[in-house]
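Novice: 3D model of this:
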Amino acid sequence: MQTSGIGFVIYTFVAVTLGLYFAYAAVQGDLGVLRRLEVQAEHAHLDEQRAALKAQVERLQNKTRRLSDDFLDLDLLDERAREVLGMMRPSDLVIR
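Specialist: Have a look, this model is predicted:
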């Protein structure tokens, strides 16, 4: 009778230990709940970055199109010549 009592204790200990191990792995493991939350937060952050980069690309494509030979925006050309090359019109006044 004493042997079956010890066997039951060992069986229970092993079962509880395995249960705790799998519970820990489900929460803290590589594929656990906390890792999933981290991945979702990173996904949201990367989506925001992608949207910002997409808007920047669209602005640059628009500016490039406006400076192309097919569609020349004279105001933009004048602005860029003033900013990049430091050019000015003869009628402009420079105040220092």
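
Novice: can you pull out the strands in the chain?
Specialist: With strands called from DSSP state E, the chain shows none.

Novice: any idea where the helices of it begin and end?
Specialist: 2-28, 33-66, 74-85 (DSSP state H).

Novice: show me the contact partners of the shortest one.
Specialist: The set of residues external to helix 74-85 that reach it, using C-beta atoms under 8 Å, 6 or more residues apart in numbering, is 63, 66-67, 87-88. The way it works is simple: take the backbone N, C-alpha and C, and place the C-beta from them, glycine included.

Novice: 7 Å instead, please
Specialist: With contact meaning C-beta atoms under 7 Å, 6 or more residues apart in numbering, helix 74-85 is reached by 66-67, 87-88.

Novice: per-residue confidence averaged over it?
Specialist: Across helix 74-85, pLDDT averages out at 85.

Novice: to the chain's geometric centre, what's the distance from it?
Specialist: Counting by C-alpha atoms, centre = their mean, to the nearest Å, helix 74-85 is centred 34 Å from the centre of its parent chain.

Novice: that one to helix 33-66, inter-axis angle?
Specialist: Calculated by axes from the mean of the first three to the mean of the last three C-alpha atoms, to 10 degrees, helix 74-85 forms an angle of 110 degrees with helix 33-66.

Novice: and what of the first one?
Specialist: Per the same axes, to 10 degrees, the angle that helix 2-28 makes with helix 33-66 is 20 degrees.

Novice: which elements pack onto helix 2-28?
Specialist: Helix 2-28 sits against helix 33-66, with contacts defined as 3 or more C-beta pairs under 7 Å, 6 or more residues apart in numbering; DSSP states H and E.

Novice: packing partners for the helix it packs on?
Specialist: helix 2-28.

Novice: tell me the pLDDT of residue 95.
Specialist: 84.

Novice: what residues of stretch 47-56 count as buried?
Specialist: Within stretch 47-56, no residue counts as buried by 16 or more other C-beta atoms under 10 Å.

Novice: tell me how far that stretch is from the chain's mean position?
Specialist: 9 Å.

Novice: let's have the helices of the chain in a markdown table, adding distance to residue 96.
Specialist: Listed next are these as a markdown table, based on distance: least, C-beta to C-beta, whole Å:
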| stretch | distance to residue 96 |
| --- | --- |
| helix 2-28 | 65 |
| helix 33-66 | 30 |
| helix 74-85 | 16 |
